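[1] here is the input, now give the coordinates:
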Amino acid sequence: MRIFVNMKTRLNITVEETLVEKAKAYAAEKDLSLSQLVEDYFERIVTKQRRPSLLDVLDKLPKSESQYPEDFDFKKEYLEERKAKYGF
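    Numbers count the residues shown, from 1 in each chain. Now for the predicted structure:
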């Protein structure tokens with residue numbers, strides 16, 4: 001059985017004093033510590049963002065005014081059309 005422990009480490013950085021004060025005020029507004037704010041930012045920049053696929057975008061589009069059967073599967077139709085066109 002593996003037990004994962006998130007270990008913290010200290011980080012010393014040099015930042016312009018006025019910027020630190022602004023960052024502290026921002027963190028306080030968000031009810032965060034400055035350390036948590038920096039950690040969250042680091043996590044965001046090192047985590048690879050997944051770009052939405054065309055199918056993800058299609059799901060978010062407004063529904064068509066055209067009438068389709070209740071069980072019409074747009075994704076299936078799209079994939080079958082691509083298969084016919086490109087052979088995959």
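
[2] contacts, neighbours, all on C-alpha from now
    OK.

[3] how about residues contacting the worst-scoring helix or strand of the chain on mean pLDDT?
    Least confident element among the helices and strands of the chain, by mean pLDDT, DSSP states H and E: helix 54-60 (a mean of 82). Applying CA atoms under 8 Å, 6 or more residues apart in numbering, the contact partners of helix 54-60 are K75.

[4] can you name the element that comes right after it?
    helix 74-86 (DSSP states H and E).

[5] could I get the CA-only coordinates of that next one as PDB?
    C-alpha atoms of helix 74-86 as PDB (Å, rounded to 0.1, in the frame of the first residue of the first chain):
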ATOM      1  CA  PHE A  74     -25.100  14.000 -33.500                       C
ATOM      2  CA  LYS A  75     -21.800  12.600 -32.300                       C
ATOM      3  CA  LYS A  76     -22.400   9.300 -33.900                       C
ATOM      4  CA  GLU A  77     -23.500  10.900 -37.200                       C
ATOM      5  CA  TYR A  78     -20.400  13.200 -37.100                       C
ATOM      6  CA  LEU A  79     -18.000  10.300 -36.500                       C
ATOM      7  CA  GLU A  80     -19.600   8.200 -39.200                       C
ATOM      8  CA  GLU A  81     -19.400  11.100 -41.700                       C
ATOM      9  CA  ARG A  82     -15.700  11.500 -40.900                       C
ATOM     10  CA  LYS A  83     -15.100   7.800 -41.200                       C
ATOM     11  CA  ALA A  84     -16.700   7.800 -44.700                       C
ATOM     12  CA  LYS A  85     -14.700  10.900 -45.700                       C
ATOM     13  CA  TYR A  86     -11.300  10.000 -44.300                       C
END
